[in-house]
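> pasting the sequence and the predicted model now:
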Amino acid sequence: MTVSDLKSSEMAVLPPDKPPLGHGYPYTQRKLSLQSSKTSRRLDQIARIRANGVGDHIALPQLVVRGDQSAGKSSVLEGISGIPFPRQDGLCTRVATEIILRHESTDIKTTATIIPHSSRSEEEKRHLSAYHHVLDDFAGLPNLIEQVAKLMGVRGIDGQAEGPAFAADILRLELVGNTGLHLTIVDLPGLISAAQSEEDEKIVEKMVDSYLHHSRTIILAVIPATSDVDTQGIIQRARRFDEDGLRTVGIITKPDLINAGTEARIARLAKNCDRIKLTLGFFILKNPSPTDLKAGMTTEERRKTELAYFSAEVWKKQGLDPSRVGVDKLRCFLEEILDSHIERELPKVREDIRRYLK
């Protein structure tokens with residue numbers, strides 16, 4: 001692939017008078033399918049650039065899921081991508097997982113590799129870089145993630161008593177086949193609790209900052225309805241790198257766990273009418289409960305359960321925007337906003353590649 005491959009007219013920067021997607025923008029009226037030829041070509045170009053290792057040197061458009069520990073990040077990520085992640089009780093994300101989804105009309109093939117952190121010794125880098133595993137299906141993904149965390153030396157995995165609580169290395173999963181999406185999604189470790197060491201905190205902060213500070217990263221800030229939004233570290237951190245909230249999407253989870261009678265407080269936040277306001281606004285979801293997960297809830301069952309929950313009178317009277325309720329609406333929004341984001345950023349990526357090569 002050459003720089004000239006990015007010069008087609010379809011990659012033109014969006015007109016300056018075109019408003020950002022978010023509240024007040026009728027994205028449902030101009031909904032684009034990821035299967036459209038123009039969108040597919042744009043997203044495929046990013047996938048090809050990333051496959052050539054350019055993403056290790058130049059920031060590329062991507063989605064990043066971030067939030068406090070136990071905020072529901074894994075369930076949100078699964079709802080968006082359809083990919084299962086380990087959700088054992090008390091197990092938070094310990095490894096940054098970069099997921100590359102490439103849609104093709106074939107059965108899905110999942111390849112796992114490890115990108116060692118620059119702080120690793122040369123021997124450790126060779127050892128971790130040599131990891132290459134092909135998954136036959138998603139059922140083996142939870143075990144794979146735990147195995148990789150153990151290989152990285154993460155403390156607390158499979159009884160391992162030594163090592164850091166979080167890994168600075170990156171697990172890269174590339175899924176090629178009938179994914180239905182052309183996306184890059186990154187699931188970052190949860191924010192550190194006071195119980196963790198200062199060293200662990202620095203590892204996570206540095207890793208998170210390396211993703212969030214790039215203007216090409218769309219931040220998916222996961223916020224549990226059971227906590228005060230002002231106390232959520234992800235909101236404060238997102239505003240540090242995205243002061244005007246132009247590329248941060250708020251995702252409210254666990255509304256089913258709040259006290260009865262407090263729905264109006266959550267609704268104000270969901271409607272972007274609370275103290276914390278984001279240009280891209282908020283979505284509200286109901287993730288599967290532990291009982292649902294244990295019963296093996298399917299994607300369709302999740303959709304029906306979520307629809308039934310928000311159809312209850314207590315939520316209907318809150319005046320929520322229907323286009324902002326449920327994981328399906330979130331998927332539609334992210335499909336379109338990422339398409340526009342890539343369309344804007346590709347000319348800049350081209351220039352960055354040229355400067356890097358020079």
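All right, it came through fine.
> for the strand or helix carrying W315, packing partners?
According to DSSP states H and E, W315 maps onto helix 313-316. The contact analysis (3 or more Cβ pairs under 8 Å, 6 or more residues apart in numbering; DSSP states H and E) places helix 313-316 against helix 263-270. Yep, even glycine has a C-beta here, placed from its N, CA and C like the rest.
> in the helix it packs on, what counts as buried?
For helix 263-270, a neighbour-count test (16 or more other Cβ atoms under 10 Å) marks 263, 266-267, 269-270 as buried.
> out of the residues you listed, flag the one nearest to K125.
Of all the buried residues of helix 263-270, L269 has the smallest distance to K125: 43.7 Å, by Cβ to Cβ.
> surely the closest one touches F282?
Yes: applying Cβ atoms under 8 Å, one finds L269 in contact with F282, separated by 6.1 Å.
> which residue ranges form the strands in the chain?
For the chain, applying DSSP state E gives strands covering 62-67, 96-103, 109-115, 132-135, 170-177, 183-187, 217-224, 248-253, 282-284.
> quick one, helices of this protein?
Along the chain, counting by DSSP state H, helices occupy 37-51, 73-81, 122-129, 141-151, 198-212, 233-241, 263-270, 290-294, 299-310, 313-316, 327-357.
> ok, back up a step: residues making contact with the helix holding W315?
255, 260, 263, 267, 309-310 (Cβ atoms under 8 Å, 6 or more residues apart in numbering).
> with respect to P164, which of the helices of the chain lies nearest?
Across the helices of the chain, closest to P164 is helix 198-212 (Cβ to Cβ), at 5.7 Å.
> distance from the closest one to the middle of the chain?
The chain centroid and the centroid of helix 198-212 are separated by 17 Å under Cα atoms, centre = their mean, to the nearest Å.
> tabulate the buried residues of helix 263-270 (JSON lines), appending distance to A165 and pLDDT.
Converted to JSON lines, those look like this (distance: Cβ to Cβ, whole Å; pLDDT from 0 to 100):
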{"residue": "E263", "distance to A165": "36", "pLDDT": "95"}
{"residue": "I266", "distance to A165": "31", "pLDDT": "95"}
{"residue": "A267", "distance to A165": "36", "pLDDT": "96"}
{"residue": "L269", "distance to A165": "31", "pLDDT": "94"}
{"residue": "A270", "distance to A165": "33", "pLDDT": "96"}
